[in-house]
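Participant: kindly generate the corresponding structure for this input.
(chains A and B)
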Amino acid sequence: MFDVLIIGAGASGCAVARELSRFRLSLCVLDRESDVCEGTTKANSAIVHAGFDALPGSLKAKLNVRGSRMMPELAKKLDFAFKNNGAFVLCFDKEQIPGLEELAQRGRLNGVEGVRVISGDEARQMEPALTDEVAAALYAPTSGIVCPFEMTLAFAENAYANGAEFRLSTCVTGIDKSDAGYVVHTDKGDIEAKVVINAAGVYADRLHAMVSSKPMNITPRRGEYMLLDKDAGGLVKHTIFQQPTKMGKGILVSPTVHGNLLLGPTAEDIEDKENTATTRSGLAEVRAKAQLSVKGIPFNKVITGFTGLRAVGDTHDFIIGECEDAKGFIDVAGIESPGLTSAPAIGEYVRDIVAGIMTLEEKPDFVDTRKGVIHFASLTREQQNELIKREPAYGSVVCRCETVTEGEILDAINRPLGATTLDGVKRRTRAGMGRCQAGFCSPKTIAMIAEKLGIGLLDVKKNGTYNKESEAADNA
Amino acid sequence: MREFELVIIGGGPAGMAAAIAAKKQGIDDLVIFERGDRLGGILNQCIHNGFGLHTFKEELTGPEYAERYAQQVYDLGIPYELGTMVLDITPDKQITVVSRQRGAETVRARAVILAMGCRERPRGALGIAGFRPQGVYTAGTAQKLVNCEGVVPGKEVVILGSGDIGLIMARRMTLEGAKVRAVVELMPYSSGLKRNIVQCLDDYGIPLMLSHTVIDIKGKEKLEGVWVAAVDEHNAPIEGTEEYFPCDTLLLSCGLIPENELSRSAGIELSPLTSGPSVDESLETTVEGVFACGNVLHVHDLVDFVSEESVRAGENAAEYIKGKPSSPGTPVAVKPGNGVRYTVPSRLYPESVTDCVHIRFRVTAPVKGAAIVVSCGGKELARKRGRIFVPSEMIEVILKKEQLAGLSGDIEVRTEEAAK
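Facilitator: Model prediction:
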């Protein structure tokens, strides 16, 4: 019996886990995938939004601005990459300028600092690659970029270090009310908890329907992206949005926190919650629309394309709260943009809801910092040599594109909640994230994972549920 | 700080041949930095034969060919450091390296030979739509898994791209018991050598689908199949021609890219045509004392030609170290004309040519019954005839020193249709 069971190890679920791990309670995080950060969290724009987009008074507005303010300090404490690079929202027609003014006003109402509308020329002065068609821009100096993988892993590892249990590769099949709370049925057996937190992303509506008769509908909104080589990362310094529509914030052009250039996303509501395929038309749209904002995008430097699914609710706002007809069951649903930014604030918000259900007593020994995988390439020469002397594996470069050493990969595999897949190693170290897209390093990485897990080379997965078939066979 | 007269970056066929040549010219203070755990580079995973026909007049496997050179490296006592990755080169030839044994250090070199080779174009760069499941590999990665790690990644295979590694892997996977359903090539001609098409596809009944491409990849976690379609003259898929191939493995052999991140850090000018350094007739880059050879310079068809080119890089680096002035006089530009994709070198200094200049290039598309013409300001310098010239084969024209006297204007290399 757990005090709190969180279903879903994405940004929201892990942020809630990290926040609740401050208190004396037994805490468990479930995910059907073999790693944290395998759903919406791994495929999005990686933006820390300033907070001018959400309607004043909405939960989105409140949690966005709060999350954005928490981010710099959190990034330091939990050792994940964050950069305050500022953002522009472009309009291409003078008639659209009132729309920008409205956004700026909204930002001020939401408490966003420094937002202002500037002329096209002023924008081009600050960001020379903007196209001549840019008529005006909203400038938001507090906007930032973050590594969503590192952020989520940081929450998860910190929660783990503070006593949270993680049950990965565990899929929920049903939920029943019990005397003490809920019995959650999974493919790995039943789990009982007093409070259940539903942070299941695009599947949050299905979990909700297991306990509540109040309707909830989460639509997967497909967004396709292109990622360009670090050679192209310097093209723009700021995140470049286009004026938003009802389908979202449009196609952006942004540097990533690691120096690549990101283009996307498209916005297409679909039914299939598993459909993370890219499409010819989607990638073509990204290409066409990105060029409206920024000139000289070197499309021959594209190293990969990917698709994410935003979890879009029916209310146009985040759906966070205890179910009316299922006490102790807390939905954290409809977490579309600005969900990544809001994650730490969602953690606090859900903590307060939990505090209304059970007494939360702070742990005196809570550790509020976490060290991530050491990134060899970012160290000084002295630090590098100290490290290699202590652990020679740091002198052996495995991923040549991103300069990732064997030592880093070993750390990623061996640390708590360590990587069990190629993508897991990639998200923790960036090995395979570069221009050759794992062509050279994957045989070595596969061998290292296989050795750790005691499995054959061909049993090492790229992503998804490790040993799903064999475990299913064991259960049968 | 360690100092060397010559540092060779890369211990594959190019680096070894260059080092041997420099050593034979009397350069003793040299070192090869190799990131792998043995000399030989990518040849170590090329266990098929066909290497060395030009150099040794016999058919060797990749590891055997590499061993011939490695043996000379050992015999000549050329120092080499394995497991040693070069992280950075500055324009004044300070080289940052890291290894288990020595940690991270910066060394200084009077001359540098770049021999880092090339990498394969990944799936993302091709813009193929669909899922990103397990089972999609570049042909070279699959080759490494099969030949070095002893695992065969799948049983039913489609290969996109008809580059030589893809063709070799079509045969290799077949020999390992896999079924290769098709090799799909976007262009109306193969980018692989004729002999590989015959020996690796035809001999095993593997269809080569020209003017076709993969338009969609199915399977979320594991590859389940690919959709293939014919393409029109603009390489756009033609509706109605789609065909589904169930498969668990998709191999990509869609081009090689010279790996020049280090060259860029050294401030070396790169050619947009080759993606390699722009060099003169001595294979010297735009940074004095830095030479380039092998696949880092331009992608070769045969390793024999890599070795031959690298000998020249090694000898020229030795001359430079001994004090031969770098790039004297005014350069003459060497430019690709009609039907020619690039030339190496892209400029030459007639005064510094000792006896002849090798100009290497590829044609943009197959041409039958044409001639290769090298000319300068209306004056024809050389003419080479052939039944057919194809993009998969590198072509070489050699100009003698005396032909270069009194040239004015650019040298142009072009194809010329035979007179009707």
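Participant: how far away is the spatially closest residue to A:Asn414 that is not a sequence neighbour from A:Glu38?
Facilitator: Using CB to CB, 6 or more residues apart in numbering or on different chains and skipping the chain neighbours, the partner closest in space to A:Asn414 is A:Lys452 (7.0 Å). For every residue, glycine as well, the C-beta is placed using N, CA and C. Between A:Lys452 and A:Glu38 the distance is 19 Å, computed by CB to CB, to the nearest Å.
Participant: do the same with A:Ala75
Facilitator: 22 Å.
Participant: between A:Lys452 and A:Glu38, which has more neighbouring residues?
Facilitator: It is A:Glu38, of A:Lys452 and A:Glu38, that has more neighbours when counted by other CB atoms under 10 Å in any protein chain shown, with 24 against 16.
Participant: surely the residue nearest to A:Asn414 meets A:Arg415?
Facilitator: No: if you go by CB atoms under 8 Å, A:Lys452 and A:Arg415 don't touch, sitting 11.3 Å apart.
Participant: in the stretch 201-350 of chain B, what residue comes closest to chain A?
Facilitator: Sorted by distance to chain A under CB to the nearest CB, the residues of the stretch 201-350 of chain B start with B:Glu221, at 4.1 Å.
Participant: quick one: low-confidence parts of the chain?
Facilitator: As the question left the chain open, I've gone with chain A. When residues are selected by pLDDT under 70, those of chain A lie in A:247-248, A:465-476.
Participant: the chain in question should be chain B.
Facilitator: Low-confidence regions of chain B, defined by pLDDT under 70, span residues B:419-420.
Participant: and the most centrally placed residue in chain B, which of the three is it?
Facilitator: Taking CA atoms, centre = their mean as the criterion, B:Val299 is the residue nearest the geometric centre of chain B, at 2.3 Å. When the structure is split into helix, strand and coil by DSSP: H, G, I helix; E, B strand; the rest coil, B:Val299 lands in coil.
Participant: list the contacts of A:Ile374.
Facilitator: For A:Ile374, the contacting residues are A:Leu387, A:Tyr394, A:Gly407, A:Glu408, A:Asp411, by CB atoms under 8 Å, 6 or more residues apart in numbering or on different chains.
Participant: okay if I get the residues you listed as CSV plus distance to A:Gly313, secondary structure and neighbour count?
Facilitator: As requested, the contacts of A:Ile374 are exported to CSV (distance: CB to CB, whole Å; DSSP: H, G, I helix; E, B strand; the rest coil; neighbours: other CB atoms under 10 Å in any protein chain shown):
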residue, distance to A:Gly313, secondary structure, neighbour count
A:Leu387, 46, helix, 21
A:Tyr394, 45, helix, 27
A:Gly407, 43, helix, 24
A:Glu408, 38, helix, 27
A:Asp411, 38, helix, 21
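Participant: and B:Leu208, backbone torsions?
Facilitator: The phi and psi values for B:Leu208, taken as degrees, to the nearest 10, are phi -110, psi 110.
Participant: what about residue 98, neighbour count?
Facilitator: This is for chain A. By the criterion of other CB under 10 Å, A:Pro98 has 11 neighbours.
Participant: that's the wrong chain, I meant chain B
Facilitator: For B:Val98, the number of neighbouring residues by other CB under 10 Å comes to 27.
Participant: so which helix or strand takes in A:Gly282?
Facilitator: Take DSSP states H and E as the rule and A:Gly282 turns out to sit in helix A:280-293.
Participant: report the buried residues of that helix.
Facilitator: Buried residues in helix A:280-293, defined by neighbour count with 16 or more other CB atoms under 10 Å in any protein chain shown: A:Gly282, A:Leu283, A:Glu285, A:Val286, A:Arg287, A:Lys289, A:Ala290, A:Gln291, A:Leu292, A:Ser293.
Participant: the fifth one against A:Leu263, yeah?
Facilitator: Yes: A:Arg287 is in contact with A:Leu263 according to CB under 8 Å; the separation is 7.5 Å.
Participant: ok, now which ones touch the residue in chain A that chain B sits nearest to?
Facilitator: Of all residues in chain A, A:Thr304 sits closest to chain B, at 3.0 Å by CB to the nearest CB. In this structure, A:Thr304 makes contact with A:Met226, A:Leu227, A:Gln437, B:Pro122, B:Arg123, B:Gly124, B:Ala125, judged by CB under 8 Å, 6+ apart.
Participant: just give me the closest of those residues to B:Asp202.
Facilitator: Distance to B:Asp202, by CB to CB, is smallest for B:Arg123 among the contacts of A:Thr304, at 27.1 Å.
Participant: so that closest one versus chain A, what's the distance?
Facilitator: Using CB to the nearest CB, to the nearest Å, B:Arg123 is found at 7 Å from chain A.
Participant: for that residue, grab the count of nearby residues.
Facilitator: A count of neighbours around B:Arg123, defined by other CB under 10 Å, yields 24.
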